[in-house]
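1. everything below, folded, please.
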Amino acid sequence: MNNNNDDDLPKYVKYTITKPEWHYLKFKINFDPPINNNHPLPNIQLRTLITKSLTETFGTIGSGINVTILNWNGGEQKPEVEMNEGELNEEKKEKNQKSNSDPDYVGILRVHRKDLTTLWSALTLFSTTLDTDNNKEIWFEILSNSSYLMGLVTDSRDWTRKIIAD
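-> Residues are numbered from 1 along each chain as shown. Purely as a prediction, here's the structure:
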């Protein structure tokens, strides 16, 4: 009988690295001329715009792509932030006031990895007019993308700049 514990251990270890099933896109809707502060874009209208972009670019097959809207602010105003005088300098205060006055139409989409290029090209090629008081041309702009949702939170290049600056 062999008392050697080496026989009980596996001869090799197998690691399997797979690509994530989903891909995430952070996008923004732009308006020309710029839209006023009091014009929200509801979730259903965003869904219609995405489907329309896929249909116009890739036909019926394109409209069948499964796209999930994970986050959409619809151009709602950002809440006012209370600040102490000593916390921020004047430049940062002006930037904060400007960002609170201009609504941003930013959202996050989830799409299957194999459909990423189809959705991306459909969104970037799409342009239409929005029926409001005066016709405003709208188009999508892809801000960032990642295989992981946490990758959209911040730009990793900013981390290295902050580390170097400190």
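2. how about residue 129, what does it touch?
-> Residue 129 makes contact with 135, 136, 137, 138, according to Cβ atoms under 8 Å, 6 or more residues apart in numbering. For glycine as for every other residue, the C-beta is placed from the backbone atoms N, C-alpha and C.
3. please report how far it lies from residue 137.
-> Applying Cβ to Cβ, to the nearest Å, the value for residue 129 to residue 137 is 6 Å.
4. again with residue 144
-> 23 Å.
5. most neighbours among the contacts of residue 129, which one is it?
-> The member of the contacts of residue 129 surrounded by the most neighbours (other Cβ atoms under 10 Å) is residue 138, with 19 neighbours in all.
6. can you name every helix or strand that the helix or strand harbouring it contacts?
-> Taking DSSP states H and E as the definition, residue 138 sits inside strand 136-146. Here strand 136-146 is seen to pack against strand 22-32, helix 43-63, helix 116-125, strand 127-130 when contacts are counted using 3 or more Cβ pairs under 8 Å, 6 or more residues apart in numbering; DSSP states H and E.
7. pLDDT on that strand, on average?
-> The predicted model gives strand 136-146 an average pLDDT of 91.
8. give the contact list for the nearest residue to residue 23 once chain neighbours are set aside.
-> Excluding the flanking residues, the one nearest residue 23 by Cβ to Cβ, 6 or more residues apart in numbering is residue 116, at 4.6 Å. Each residue near residue 116 by Cβ under 8 Å, 6+ apart is listed here: 23, 25, 145.
9. who's the first one bridged to?
-> Which is residue 23. residue 111 (DSSP bridges).
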